[in-house]
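K.L.:
generate a structure from the sequence data that follows.
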Amino acid sequence: MPQLQQTVLLDRRSTPVSHTFNPRDITGGIGTVIESAGVPIGNNRLSVGLSQVAASGRYKATVKLAMPVVQTQTINGVDTPVVVRTAYADLQFTYESASSTQERDDIVALLRAALDPTKALINDVVVNLQGVY
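P.N.:
Residues are numbered from 1 along each chain as shown. Below is the predicted model of the structure:
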């Protein structure tokens, strides 16, 4: 069982920037780490959790990332931080209870490879917002 811990992720900038997510809490079996922006409404949030569907016995592993963009709003001379938009990513893996570690590792590796920027089919839809033809 993994311990809730600091997680460092690199972005895709020309000179990659490390984003350090620190433990926040565990609620209902879902661990959350945050990258603090100094103002809580602007914190990037990464969460991970595992559940088992009772009826089918399947396992569901879920990873979610939320990255808000905050701007300062000035009203009557008072500056207030405001979230103007948020990017969300939801990733869910569902496994049969008879799945092997190798099968689970393979699907993670294939998905990781699919998210490589050189894979135009996935990258151009997800990053460049282009439709598939």
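K.L.:
look up phi and psi at residue 101.
P.N.:
Torsion angles at residue 101 (phi, psi; degrees, to the nearest 10) stand at phi -60, psi -40.
K.L.:
all numbers from here: first residue = 415
P.N.:
Okay, residue one is now 415; in that scheme the one you just asked about reads as residue 515.
K.L.:
roughly how far does the closest residue to residue 426 other than its chain neighbours sit from residue 542?
P.N.:
Leaving out its chain neighbours, the residue that sits closest to residue 426 by CB to CB, 6 or more residues apart in numbering is residue 531, at 6.4 Å. For the C-beta atoms, the positions are set from N, CA and C on the backbone; glycine is no exception. Shown here: residue 531 relative to residue 542, a distance of 10 Å by CB to CB, to the nearest Å.
K.L.:
now do residue 433
P.N.:
From residue 433 to residue 542 the distance is 22 Å (CB to CB).
K.L.:
the more surrounded of those two?
P.N.:
Taking residue 433 and residue 542 together and counting by other CB atoms under 10 Å, residue 433 has the greater number of neighbours (15 against 8).
K.L.:
pull the contacting residues for the residue nearest to the spatial centre of the chain.
P.N.:
By CA atoms, centre = their mean, the chain has its centre lying nearest to residue 479, at 2.6 Å. By CB atoms under 8 Å, 6 or more residues apart in numbering, residue 479 lies in contact with 458, 459, 460, 461, 502, 503.
K.L.:
good, we can wrap up now.
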